[in-house]
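1. what shape does this take:
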Amino acid sequence: MTVATDPRERDIFLFSNTTDELGGVTAWMHQMARLFRTHGHRVHTLGVHPAELKLTLPEPLGYPMTALHPAHPTAPRRLTGPRRLRPAERRREAAHAADKQRAVDALSALFRAARPGGVVIVTQVWPMEWVRAADTTGLTVIGMSHESYAYTRACHRYRWIKQNYPHVDHWLTLTQEDADDWIADGMHNVGFMPNALAHLPEVPSPRTAKVVASIGRLHDQKGIDMLLDAWALVAPERPDWTLRIYGAGVEEADLRAQCTGLGLDGSVRWLGRTDDVPGALAGASVFVQSSRGEGFPLALMEAMASGVPCAAFDCAPGVREIVRDGEDGLLAPPGDSGALADRLLRLTGNPRLRDAMGVRARKNVQRFSEGEILRAWEELFGLLEL
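-> Prediction:
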């Protein structure tokens with residue numbers, strides 16, 4: 001991979017909720033850490049705390065990885081009413097505040113050791129609490145949001161962004177459409193930066209197996225319950241096809257019960273988390289994504305890079321930025337399981353359509369190659385130094 005610019009070396013801190021959680025944001029952080037490091041930068045990955053559900057990371061990493069707290073920290077609370085007079089409550093909250101201050105001091109020490117011109121990239125909203133309390137003198141602070149404007153607008157992270165992100169040097173969404181929505185909402189220091197395609201397999205999927213694959217955490221956001229509802233409409237029409245669900249998470253027991261209740265145990269395989277995404281995709285002919293909300297989904301890009309056509313809910317600008325509906329994949333209205341079933345029936349029932357869309361998907365997704373995205377980052381660093 002070559003990048004046209006010849007940047008000077010920088011210290012880059014990548015700060016997420018955790019450094020090792022199984023999920024797309026953490027995978028993105030380590031992908032970018034590797035890219036920045038191979039391009040001559042000194043990289044340090046940071047997390048608020050270690051995760052319980054771990055992402056498998058290569059060893060050795062080649063860059064430091066630091067968690068500021070040994071476990072998920074309890075936020076100090078403002079004591080009101082009778083609680084503020086209870087000595088035990090006051091001691092507990094004082095301990096929480098002192099614990100956070102120790103973490104902030106440790107973060108400040110890391111930042112002060114950086115060379116001039118260093119960059120802090122805060123990949124999720126929560127860690128900005130620590131960054132804003134730390135000493136960032138001489139550093140450029142970039143905030144990020146890895147989800148769509150609409151998804152953030154509907155939850156508590158909207159308030160956090162409105163409170164914290166006006167104070168950063170620059171912040172990034174994943175698409176121009178999301179950036180425009182935030183600008184219309186009064187945020188004026190915002191741009192966009194797509195995720196990078198992590199891997200382009202040398203050989204695409206042969207698309208011969210009668211398999212539909214889903215890859216993602218078993219979490220409400222990923223909408224596997226809606227996928228099962230859709231598959232209940234597909235399975236009777238495609239009795240020789242199998243749905244393989246790769247992933248783990250807190251919803252697994254409920255989802256398995258739903259699967260049984262829908263009479264799908266004969267056509268659904270629960271395969272748990274996988275560290276071999278290319279292998280999972282090589283054994284599939286169709287990829288399905290049923291999320292309620294997304295940012296710029298890496299699994300969708302990986303499927304397309306493997307030449308596997310996708311059926312997905314059009315739940316975010318990032319999804320329709322990646323998939324060109326009708327050209328290299330098929331999109332369904334968000335949350336409409338019947339429409340998603342229709343797209344799956346079209347792809348599973350027409351091998352010529354699958355092959356044509358798969359070939360175009362593999363070609364089109366390369367516009368998000370690591371080289372292109374790294375070049376965009378280097379240009380952004382240069383602009384922020386002006």
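2. domain parsing for the protein?
-> Per automatic domain parsing, the domain ranges recorded for the chain read 11-196+369-385, 211-367.
3. now do the end-to-end distance for the longest one.
-> If I follow you right, that is domain 11-196+369-385. Its start and end residues considered, domain 11-196+369-385 measures 14 Å (CA to CA, to the nearest Å).
4. same thing with the last one?
-> Taking CA to CA as the measure, domain 211-367 stretches 27 Å from start to finish.
5. and if you look at stretch 301-321?
-> End residues of stretch 301-321 are separated by 11 Å (CA to CA).
6. now that stretch, how far from the centre of its chain.
-> Put simply, stretch 301-321 sits 14 Å off its chain's centre (CA atoms, centre = their mean, to the nearest Å).
7. low-confidence stretches in the stretch 1-150 of the chain?
-> Within the stretch 1-150 of the chain, the stretches with pLDDT under 70 are 1-7, 75-86, 89.
8. what about the strands in it?
-> Ranges of strands in the stretch 1-150 of the chain, per DSSP state E, counting those that start in this stretch, are 11-16, 42-47, 65-67, 119-122, 140-144.
9. of the ones you listed, which is nearest L347?
-> When the strands of the stretch 1-150 of the chain are compared by CB to CB, strand 140-144 sits nearest L347, at 32.8 Å. Backbone N, C-alpha and C define where each C-beta goes, glycine included.
10. got a list of contacts for the closest one?
-> By CB atoms under 8 Å, 6 or more residues apart in numbering, the list of residues contacting strand 140-144 from outside reads 117-125, 128, 131, 161, 164-165, 168-173, 193, 380-381, 384-385.
11. just the buried subset of those, written out for PyMOL, thanks.
-> Filtering these down to the buried ones (16 or more other CB atoms under 10 Å) takes a single PyMOL command:
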select buried, resi 118+119+120+121+122+123+124+125+128+131+161+164+165+168+170+171+172+173+193+380+381
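12. looking at the contacts of strand 140-144, which are in helices?
-> 128, 131, 161, 164, 380-381, 384-385 (DSSP state H).
13. okay, who's weakest in the residues you listed by pLDDT?
-> Among these, E385 carries the lowest pLDDT, at 86.
14. contact partners for that one?
-> E385 makes contact with 117, 140 under the criterion CB under 8 Å, 6+ apart.
15. and the angle for the helix ranked longest in the chain with strand 140-144?
-> Once the chain is assigned using DSSP H, the helix that runs over the most residues is helix 87-112. Put simply, helix 87-112 runs at 120 degrees to strand 140-144, going by axes from the mean of the first three to the mean of the last three CA atoms, to 10 degrees.
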